[in-house]
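Student: Fold the following.
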Amino acid sequence: MTQHRNRNTTQLPGLVWPFIAVALLLAALGGVSLEIQSAVRAYVSGESLWSKGQKDAIYYLTLYADSHDERHFHQYQTAIAIPLGDHAARMALEQPVPDLALARAGFLQGGNHPQDIAGLIWLYQNFRQFSYLQQAIAHWEFGDRNLQALTGLAEQMHFQISGGLASPRDIVEWKAEIYAINDRLTPMEKAFSDTLGQGSRVIQRLLLAANLASAALLILLALFRTRKLLGQRQSFESALQAEKERAQVTLASIGDAVITTDADGLTAYMNPAAEQLTAWTVAQAQGLPLGSLFRIVDEDSQQEALALIEQILAGDHRHGSSSHSQLMVRLDGSAVSVALVAAPIHSDGQISGVVLVLHDMTRERQYIASLSWQASHDALTGLANRREFEYRLEQALANLDRQHEGHQQHALMFLDLDQFKVVNDTCGHAAGDELLRQICLLLQQRLRDSDTLARLGGDEFGILLEQCPVDAALQIAESLRQTVQDLHFVWGGRPFNVSVSIGLVHITGALTTLAEALRAADVACYMAKEKGRNRVQLYHPDDSELSLRFGEMAWVQRIHLALEEQRLCLYAQEIAPLGRDSDSDSGSHVELLLRLHDEVGRLVPPISFIPAAERYGLMPLIDRWVVQNAFTILAARLRCHKATSIGTCAINLSGTTIGDQAFLDFLREQFRLHAIPPRMICFEITETSAIANLASAIHFITELQTLGCRFSLDDFGAGMSSFTYLKHLPVDYLKIDGGFVKDMLDDPIDRAMVEVINHIGHVMGKRTIAEFVETPAMLQALADIGVDYAQGYAVAKPQPFNCDCELQHDFRRVCAAPAGVAPAITQSAVPPQPANSSQGATP
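Tutor: Residues are numbered from 1 along each chain as shown. The predicted model follows:
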């Protein structure tokens, strides 16, 4: 009953909407009709006021011509203001963008009722092109032109009369013209009213016809809908019968078991799936209570669950479905996992029975078990995957008894195959997959049942040895290494020898977190490969080499966080010329140095994190950051006239960056975005990286020199074989390695090296820069040798590089002193030297 009522309620809008639409149309037509009639009436009323004002203006202006009394002229002005107000309103509405406020003010001045003004504006705007209104407006415009003539005549009269200049002849002419204007306006006023009246009658006839047509449409719709409803009723009866037949066919064909009961809980119907699931036929089960056919038991509590049938029959619908699987126990004792859903059957507002749907969960459980296994195991080898391995390791760490560390200890191993890539590259992935399967089988045979062997990815494996002392773990690791080494793998008639590098970590309470244990094992495995492969490397926290690698791996994450949190910063150190002709560029010559603020804000020199960045491939990312931020600051300084002028800005680049074509495109884009003069930028590359990537370095330098950039070869002289390559590197500056400079005053060999590098650089047309210049004596010695530039604490300390930092300018060129006279160097140019005076010139 309720469902039928709801369906009728839902269909009601569909039945009556045409009638509602026609009724709304009739209401709209009536409203429009009233609005038009009201507006036309307002225009007729306004015309009366307009005519009265015009007549009064004629009358008082005529009196003024005879009496010359100013009171009559003021009375004329008051009268003429009414038609002039209507004129102002019409002109406001005639503008390209109508001024409605000015139009309202004009109609109010014209004496129109405030409530009529909205209708006056609406009719004018929307029916301006209607023929009758168009004619009326033409009459209105004619009247306004005559009013303008009358106004002009009145102003002339007032000027001459008030000035005593009016003659009797002027008075006669003025009155004649006033009468002429009045004669022209009188028929116009009648024509305006007649035109509006005729238009109003035409509109009334049109609206009447529209109303009659709407009424006829409403009658036709009523007849059509009544006929359609009668047809629909017959169709519904036929569809109901067909629906009943389809429902029976559907219930018989669905895979879920459907059982219905009557109001007493006795079985009324079972579909074929229910017959198969319960092992009862409809004929056998009909009229029997469900409890005599099977039992439903909750898997968790093992309690009977068929009580929900009684609850639903009693009107409690809160437990109509189970939140988890139930067990259906047949009379023969067999059990099937099912999902149970029950709902009441309503008839005339009363519960007449219950429908029970049982879904066999056997296949779903198989799917869930399969998916669970796939989520935790490697598909190729059947071993635990990385996720499962880390979960088991985390559980083992959590179960460590920290009060009895000597009694509970585990071992963790990372294994990396050494020659696996050779097999993959020469014989294909099928051979590599077979090799992995064979190795996994051999490894599994050498482990205990309680141990976990997992494939972490590619040719990497992890092993967790629970409750295993370190000596036993080392024996097992060595046994596994030997097992892999003894494997002779043959594919396609080709034999292959494979070995494995193993990193071993002894886990006690000292290593308490998953990340620490995994990182230690990774470092140990890495060191096993570094030391020649096919070996076992035991991790010791106090091993300096392992600690170094461990620290470098930790720096990788810290560098990424520093980039994300904007904790990198740039410092600038001035490079000073040592001779008058050393530098023709205007402005300072500085080198940008990279620093990092750690998590607590302390400044970290590059020597602490650059090696890790180079080893783990982060230098291209850092180089991009340096270039982008350096260009941003330089662009801001170029716009700021108060900032110290910079003629040359040296930016360090790593060896991996100079071989990256994408970085060249990035640099060109940065020059374009920031409008930095390429001549201002001098890129520094180290001698070792340039020689290691000679072809790439030459291409990189040539491309950027085409733009106008300059280049400096850093740390030159560290390997004297580099003189051979110097001829092929088109750099502008040679930076003499600081290792020679810092001891040149005490070591004649170092001084000779500086002299040779400087001389060869000059022969090749390159300018030279000496690093690590820390005392005035060094400055003097370099000037005597003829080095072009000096960089170090004797010149300037590095300082933060930003948009408004002031660079030092108190350094005096050494060559400024006369020959044979020691140069004067200001005290401020040589700051106190720290114990470690390394510049940290690496970017």
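Student: alpha carbons only for contacts and neighbour counts from here, please
Tutor: OK.
Student: measure Ala191 to Lys531 for me?
Tutor: Remark: distance between Ala191 and Lys531 (Cα to Cα, to the nearest Å) = 115 Å.
Student: higher neighbour count, those two?
Tutor: Counted by other Cα atoms under 10 Å, Ala191 and Lys531 do not tie: Ala191 has more neighbours, with 16 against 11.
Student: shouldn't the more buried one be in contact with His139?
Tutor: Yes. The criterion here is Cα atoms under 8 Å, and Ala191 meets it with His139 at 7.2 Å.
Student: Please list all residues in contact with Ile646.
Tutor: Ser586, Gly587, Ser588, His589, Val590, Met680 (Cα atoms under 8 Å, 6 or more residues apart in numbering).
Student: closest to Leu441 among the residues you listed?
Tutor: Checking these against Leu441 by Cα to Cα gives Val590 as the nearest, at 62.3 Å.
Student: phi, psi of the nearest residue to the closest one once chain neighbours are set aside?
Tutor: For Val590, ignoring the flanking residues on the chain, the nearest one in space by Cα to Cα, 6 or more residues apart in numbering is Glu574 at 4.2 Å. Here is the backbone geometry of Glu574 (degrees, to the nearest 10): phi -80, psi 140.
Student: Surely Glu574 touches Tyr793?
Tutor: No. The pair Glu574 / Tyr793 is not scored as a contact, 9.6 Å apart, by Cα under 8 Å.
Student: Which elements pack onto the helix or strand that contains Ala662?
Tutor: Using DSSP states H and E, Ala662 sits in helix 661-674. Helices and strands touching helix 661-674, by 3 or more Cα pairs under 8 Å, 6 or more residues apart in numbering; DSSP states H and E, are helix 619-639.
Student: what about the helix it packs on, distance to the chain center?
Tutor: Centroid separation between helix 619-639 and its chain, computed with Cα atoms, centre = their mean, to the nearest Å, is 24 Å.
Student: what do you get for stretch 86-97?
Tutor: 52 Å.
Student: contact partners of that stretch?
Tutor: By Cα under 8 Å, 6+ apart, stretch 86-97 touches 50, 98-100, 102-107, 109-110, 121, 124-125, 144.
Student: Quick check on those residues: which are buried?
Tutor: By neighbour count, with 16 or more other Cα atoms under 10 Å, the contacts of stretch 86-97 hold 50, 98, 102-107, 109-110, 121, 124, 144 as buried.
Student: which of those residues sit farthest apart?
Tutor: Trp50 and Pro98, at 22.1 Å, using Cα to Cα across the buried ones among the contacts of stretch 86-97.
Student: now Leu453: how far from Leu514?
Tutor: Distance from Leu453 to Leu514, by Cα to Cα: 17 Å.
Student: Give me the neighbour count for the residue nearest to Gly786 when sequence neighbours are not counted.
Tutor: Among residues not flanking Gly786 along the chain, Asn758 sits closest, at 7.4 Å (Cα to Cα, 6+ apart). Asn758 has 24 neighbours, counted by other Cα under 10 Å.
Student: So that it lines up with my notes, have the first residue be 42 from now on.
Tutor: Sure, I'll start counting at 42 from here, so that last one is Asn799.
Student: after the helix or strand that contains Asn799, next one along is what?
Tutor: In the assignment (DSSP H and E), Asn799 maps to helix 789-804. Moving toward the C-terminus from helix 789-804, the next helix or strand (DSSP H and E) is strand 808-811.
Student: helices or strands next to that next one in the packing?
Tutor: By 3+ Cα pairs under 8 Å, 6+ apart, strand 808-811 packs against strand 774-777, helix 789-804, strand 830-831.
Student: partner strands of the first one, parallel or antiparallel?
Tutor: The partner list of strand 774-777 in its sheet, established with DSSP bridges, is strand 751-757 (parallel), strand 808-811 (parallel).
Student: closest to Ala472 out of those?
Tutor: Once the strands paired with strand 774-777 are compared by Cα to Cα, strand 751-757 is nearest, at 47.5 Å.
Student: Can you pull out the residues in contact with the closest one?
Tutor: So strand 751-757 is contacted by 720, 722-728, 742, 745, 763, 771-779 (Cα under 8 Å, 6+ apart).
Student: Give me the subset of those residues lying in strands.
Tutor: If you go by DSSP state E, those have Ile722, Cys723, Phe724, Glu725, Ile726, Thr727, Tyr774, Leu775, Lys776, Ile777 in strands.
Student: thought the first one was touching Cys750?
Tutor: What it means is Ile722. Yes. Contact criterion Cα under 8 Å: Ile722 and Cys750 qualify, at 5.6 Å.
Student: quick one: contacts for Ser79?
Tutor: Contacts of Ser79 (Cα under 8 Å, 6+ apart): Asp157, Gly160.
Student: Helix, strand or coil: sort out it for me.
Tutor: Recorded secondary structure, Ser79: helix (DSSP: H, G, I helix; E, B strand; the rest coil).
Student: Distance of it relative to Val73?
Tutor: Taken as Cα to Cα, the span from Ser79 to Val73 is 10 Å.
Student: can you pull out the helices in the stretch 442-591 of the chain?
Tutor: In the stretch 442-591 of the chain, the helices defined using DSSP state H, counting those that start in this stretch lie at 461-468, 470-486, 511-527, 555-571, 585-605.
Student: Quick one: closest of the ones you listed to Gly296.
Tutor: Short answer: helix 470-486, nearest of these by Cα to Cα, at 41.2 Å.
Student: Domain map for the protein?
Tutor: 67-258, 295-405, 415-582, 607-870 (automatic domain parsing).
Student: Pick out the shakiest of the ones you listed, pLDDT-wise.
Tutor: Lowest mean pLDDT of these: domain 295-405, a mean of 76.
Student: What is the end-to-end distance of that one?
Tutor: 17 Å.
Student: Please report how far the residue sitting nearest the centre point of the chain lies from Ala293.
Tutor: Note on the chain: the residue nearest the mean C-alpha position is Glu605, at 15.8 Å, using Cα atoms, centre = their mean. The spacing between Glu605 and Ala293, counted by Cα to Cα, is 63 Å.
Student: just Asn465 next, same as before
Tutor: For Asn465 relative to Ala293 (Cα to Cα), the value is 56 Å.
Student: repeat for Ala263
Tutor: The value you get for Ala263 to Ala293, if Cα to Cα is used, is 44 Å.
Student: Next: Ala257.
Tutor: 53 Å.
Student: The two: which is more packed in?
Tutor: Ala293 (17 against 12).
Student: Wasn't that one part of a strand?
Tutor: No. Read with three-state DSSP, Ala293 is helix and lies in no strand.
Student: Skipping its backbone neighbours, what lies nearest it in space?
Tutor: Closest to Ala293 by Cα to Cα, 6+ apart is Asn312, at 5.0 Å.
Student: what sits against the one you found?
Tutor: Leu292, Ala293, Ser294, Ala298, Val299, Ile300, Val323.
Student: For these, please prepare a markdown table with the additional fields distance to Arg665.
Tutor: Shown next, in a markdown table, are those (distance: Cα to Cα, whole Å):
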| residue | distance to Arg665 |
| --- | --- |
| Leu292 | 68 |
| Ala293 | 69 |
| Ser294 | 66 |
| Ala298 | 66 |
| Val299 | 67 |
| Ile300 | 70 |
| Val323 | 78 |
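Student: I'd guessed Cys481 sits against Leu421; true?
Tutor: No. The criterion here is Cα under 8 Å, and Cys481 misses it with Leu421 at 10.2 Å.
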